[in-house]
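S.K.: sequence first, then the predicted structure, then my questions.
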Amino acid sequence: MKKFLSLAFLICCLAQAEAADLHGQILNSQNGVGIRDVELQLDNTNLQTSTDKRGRYAFDNIQPG
């Protein structure tokens, strides 16, 4: 039982350390059309991206922390 709990705890810790992806879309609130060329930066990181012609953006492989 002790080995099982140790393994379960280890798996939980490792799962928390995985990289993540963040995807979204910037829309005009009046007509719902995507806004292109919006510059985005995640706080406290050097990660930057911009929206495409449909207002979509993606931050891939974001490291935890």
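M.R.: Noted; the coordinates are in hand. Worth saying up front: this structure is predicted, and the values here are computed from it rather than measured.

S.K.: against Ala20, how distant is Pro64?
M.R.: Pro64 sits at a distance of 8 Å from Ala20 (criterion: Cβ to Cβ, to the nearest Å). In short, each C-beta sits where N, CA and C put it, glycine included.

S.K.: which strand residues bridge the residue nearest the centre of the chain?
M.R.: With distances taken as Cα atoms, centre = their mean, Leu22 lies nearest the centre of the chain, 2.5 Å away. Leu22 forms beta bridges with Phe59, as assigned by DSSP bridges.

S.K.: give the contact list for it.
M.R.: By Cβ atoms under 8 Å, 6 or more residues apart in numbering, the contact set of Leu22 is 42, 58-59, 62.

S.K.: ok, those vs Gly32, which is closest?
M.R.: Ala58 (20.1 Å; Cβ to Cβ).

S.K.: so that closest one touches Gln48, yeah?
M.R.: No. Counting by Cβ atoms under 8 Å, Gln48 is not a contact partner of Ala58; they are 11.8 Å apart.

S.K.: Thr51 and Leu40, how far apart?
M.R.: Separation of Thr51 from Leu40 (Cβ to Cβ) stands at 7 Å.
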